[in-house]
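[1] A predicted structure for the sequence below; I have some questions about it.
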Amino acid sequence: MRILILDRDGVINQESDSFIKSPDEWIPIPRSLEAIARANAAGYRVVVLSNQSAIARGIIDVRTLHLINQKMIQRLAEVGGRIEAIFFCPHAAVQNCLCRKPQPGLFMDLAARLHVSLKNAPAVGDRPRDLEAARAAGARPILVKTGRGRATLASGQALGEIDVYADLAAAVDALPEIGLEPERDGARRPR
């Protein structure tokens, strides 16, 4: 069984400096939903791991988060894709929890609940914390330049040796089981 781990905001849907606060504000990045469907067709179970500090800040509640995620699931189903599970951290950074990325708690929870190994599982994110958490869990971090990805790339933070792609579609197309010619941003980044 193959697992593809995705961050949500900035990878699947557009990022917002003021948080995604309603289903109407959830807007998919072009080609991201079709990319997930292609991964599913190639045998990947797609899982979303997402920090959602808007809950701790009182900006949204868990019910609203579920409505936002339901829109994502519905839009994905329209193109033949599916998400196996969504794990989220509702805490703010000051709470120092183990589930908030860059801590690997969400990854460990995923491995335990789905009884899977995360060793070298592709984990796509747009921020240093996504990459750090993936690396700490033994997954293979992949950076996309959507969301905060360009800023992450420019900062050089937490990159190490990592694959970088224009967007989720290009990252999925580069997976060996899919085998399409990827739109890739050069070779692996040096440490």
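    Received it, and whenever you're ready, just let me know what you need. All values derive from a computational prediction rather than experimental measurement. Numbering: from 1, shown residues only.

[2] C-alpha from now on. contacts and neighbour counts both.
    OK.

[3] Per-residue pLDDT of the residue at the greatest distance from the centre of the chain, please?
    The C-alpha centroid of the chain is most remote from residue 58, which lies 23.0 Å away (Cα atoms, centre = their mean). According to the prediction, residue 58 has pLDDT 95.

[4] Could you check how far it is from residue 90?
    Using Cα to Cα, to the nearest Å, residue 58 is found at 10 Å from residue 90.

[5] in the chain, which spans are strands?
    Secondary structure of the chain (DSSP state E): strands located at 2-6, 44-51, 85-89, 122-125, 140-144, 163-165.

[6] got the CA positions of stretch 118-128 in CSV?
    What follows is stretch 118-128, C-alpha atoms only, in CSV (Å, rounded to 0.1, in the frame of the first residue of the first chain):
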residue,chain,number,x,y,z
LEU,A,118,6.0,6.2,6.5
LYS,A,119,9.5,5.3,5.4
ASN,A,120,10.2,7.3,2.3
ALA,A,121,6.5,8.0,1.7
PRO,A,122,6.2,11.2,-0.4
ALA,A,123,5.0,14.1,1.8
VAL,A,124,4.2,17.3,-0.1
GLY,A,125,4.3,20.7,1.6
ASP,A,126,4.9,24.4,1.0
ARG,A,127,6.5,25.4,4.3
PRO,A,128,9.6,24.5,6.3
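
[7] Check which residues of that stretch are buried.
    For stretch 118-128, the neighbour count (16 or more other Cα atoms under 10 Å) marks 118, 121, 122, 123, 124, 125, 126, 127, 128 as buried.

[8] Ok, stretch 165-183 next?
    Within stretch 165-183, the residues that qualify as buried are 165, 166, 167, 168, 169, 170, 171, 172, 173, 174, 175, 182, counting by 16+ other Cα under 10 Å.

[9] just to revisit the earlier point, okay, the strands of the chain in JSON lines with mean pLDDT next?
    Formatted as JSON lines, the strands of the chain follow (pLDDT from 0 to 100):
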{"stretch": "strand 2-6", "mean pLDDT": "97"}
{"stretch": "strand 44-51", "mean pLDDT": "98"}
{"stretch": "strand 85-89", "mean pLDDT": "98"}
{"stretch": "strand 122-125", "mean pLDDT": "98"}
{"stretch": "strand 140-144", "mean pLDDT": "97"}
{"stretch": "strand 163-165", "mean pLDDT": "95"}
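
[10] Okay then, goodbye and thanks.
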